[in-house]
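> 3D model of this:
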Amino acid sequence: MNIFQTLQDIENQVKEELPGLGSTAAVETLRLRLLGKKGELTALMKTLGSLTPEERPKVGAQINQVREWVTQRLDEAALAMQAREREESLRRETIDVTEPRDPLPVGSAHPITLVMNELVDCFTGLGFEVMEGPEVELDHYNFELMNLPKNHPARDAQDTFYMDDNIVLRTHTSPMQARAMLTRKPPIRIICPGRVYRADEVDATHSPVFHQMEGLVVDEHVSMANLRGTLEAFAKRLYGQDITTRFRPSFFPFTEPSAEVDLTCVACRGKGCRICKGTGWIEVLGSGMVNPKVLEMCGIDSNKYSGFAFGIGLERIAMQRYGIRDMRLLYEGDVRLLSQLR
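Modelled structure (predicted):
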């Protein structure tokens, strides 16, 4: 075998094949064929043992020279190929950020959250402060300080879930009113939004879990006129300037006198329709002047201070606002419904 001729053939092979290779993988294949463990140049190196001592240095030097030349050419080709492939990849994968795309689905706040946020904006604009508190409450705050002592018959209307004899899931957010009156000095002007619990059967208008927002004002010379003015402002902000309020006598142990508050029917604007059953009015909330006994139990002098309180059911507002007939729809998380209420 003429080793020098073989080396020349390898150089010619590299010169002919290298320009036509189209990828780094092809360059690597050529590298393995020539320089790998079973490559042609590697095989020539193994033949040095069969040469005479005089021939071995000269042939070995020539093989190394060709090996270095081939390695250099393959490295240069591989680098050039990598750069070209990178440019092609960037060109192929470039994203035109100005190109219009299909809009992604966007979520929205829950209807109850929308209503709660709107009411918070309304009342904070009137100078109220937001207070939140625990949903697991002591009987003392939930009932007794609200003038509902143990075994009082009015507790039956607010039957709730008891953890033990003295710990309940709160039936209203009124405990925060008691906590505020016990820890603050008048003037007090707060709203208390949150989740409440009652042992009600689930149906179209009842749920064992629902949401309330209660308000409390305690100061000198507070009267029913202040209560009515506040609720008038709330109604007009929520439903429009043509909405009016109507007070009807009622009973709540923690207010005296007490009143149910009706608003002009938002569907017919007072003309009478099936929603308001032809009356032109929709019952919305309960309210009244804070019972002097409640003030005294919370350490406030009822001879000097008076106050009013009100409670709004957020589900009722949401159902009226969005024309929902069944309260259960608000809790099912059905995207088909929620996507319509933004």
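> hang on, Met213 is in a helix, isn't it?
No: read with DSSP: H, G, I helix; E, B strand; the rest coil, Met213 is strand and lies in no helix.
> So it versus Arg316, what's the distance?
With distances taken as Cβ to Cβ, to the nearest Å, Met213 is found 11 Å from Arg316. No exception for glycine: its C-beta is placed from N, CA and C like everyone else's.
> out of those two, which sits in the busier spot?
Between Met213 and Arg316, counting by other Cβ atoms under 10 Å, Met213 is the more crowded of the two (22 against 19).
> Quick one, grab the pLDDT at the residue of the chain most remote from its centre.
Distance from the C-alpha centroid of the chain, by Cα atoms, centre = their mean, peaks at Glu54 (84.5 Å). Confidence at Glu54, expressed as pLDDT, is 76.
> How much space separates it from Thr47?
15 Å.
> How about Phe161?
Separation of Phe161 from Thr47 (Cβ to Cβ): 93 Å.
> domain ranges for this protein?
Using automatic domain parsing, the domain parsing of the chain gives 3-93, 111-338.
> Of all the ones you listed, which one is nearest Asp102?
Nearest to Asp102, of all the domains of the chain, is domain 111-338, at 17.8 Å by Cβ to Cβ.
> can you tell me which residue is nearest the centre of this protein?
What sits nearest the mean C-alpha location of the chain, by Cα atoms, centre = their mean, is Ala109, with 7.9 Å.
> Just name the most buried of the domains of the chain.
Ranked by mean neighbour count under mean count of other Cβ atoms under 10 Å, the domains of the chain are led by domain 111-338, which reaches a mean of 17.
> now the end-to-end length of it.
Start-to-end span of domain 111-338 (Cα to Cα, to the nearest Å) is 7 Å.
> wait, isn't Val284 in contact with Val261?
Yes: taking contacts as Cβ atoms under 8 Å, Val284 lies within contact range of Val261: 5.8 Å.
> The closest residue to Val266 other than its chain neighbours: what's it in contact with?
Excluding the flanking residues, the one nearest Val266 by Cβ to Cβ, 6 or more residues apart in numbering is Tyr239, at 5.0 Å. Listed by Cβ atoms under 8 Å, 6 or more residues apart in numbering, the contact set of Tyr239 reads 263-264, 266.
> Also Phe310?
Neighbour list for Phe310: 214-215, 227, 230-231, 261, 285-288 [criterion: Cβ under 8 Å, 6+ apart].
> Please convert those to JSON lines, extending it with distance to Glu144, pLDDT and secondary structure.
Below are the contacts of Phe310 laid out as JSON lines (distance: Cβ to Cβ, whole Å; pLDDT from 0 to 100; DSSP: H, G, I helix; E, B strand; the rest coil):
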{"residue": "Glu214", "distance to Glu144": "17", "pLDDT": "94", "secondary structure": "strand"}
{"residue": "Gly215", "distance to Glu144": "21", "pLDDT": "95", "secondary structure": "strand"}
{"residue": "Leu227", "distance to Glu144": "24", "pLDDT": "95", "secondary structure": "helix"}
{"residue": "Thr230", "distance to Glu144": "27", "pLDDT": "93", "secondary structure": "helix"}
{"residue": "Leu231", "distance to Glu144": "28", "pLDDT": "92", "secondary structure": "helix"}
{"residue": "Val261", "distance to Glu144": "26", "pLDDT": "91", "secondary structure": "strand"}
{"residue": "Leu285", "distance to Glu144": "24", "pLDDT": "90", "secondary structure": "strand"}
{"residue": "Gly286", "distance to Glu144": "20", "pLDDT": "92", "secondary structure": "strand"}
{"residue": "Ser287", "distance to Glu144": "22", "pLDDT": "94", "secondary structure": "strand"}
{"residue": "Gly288", "distance to Glu144": "19", "pLDDT": "94", "secondary structure": "strand"}
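> Work out for me the element Phe210 sits within.
For Phe210, the host element (DSSP states H and E) is strand 209-219.
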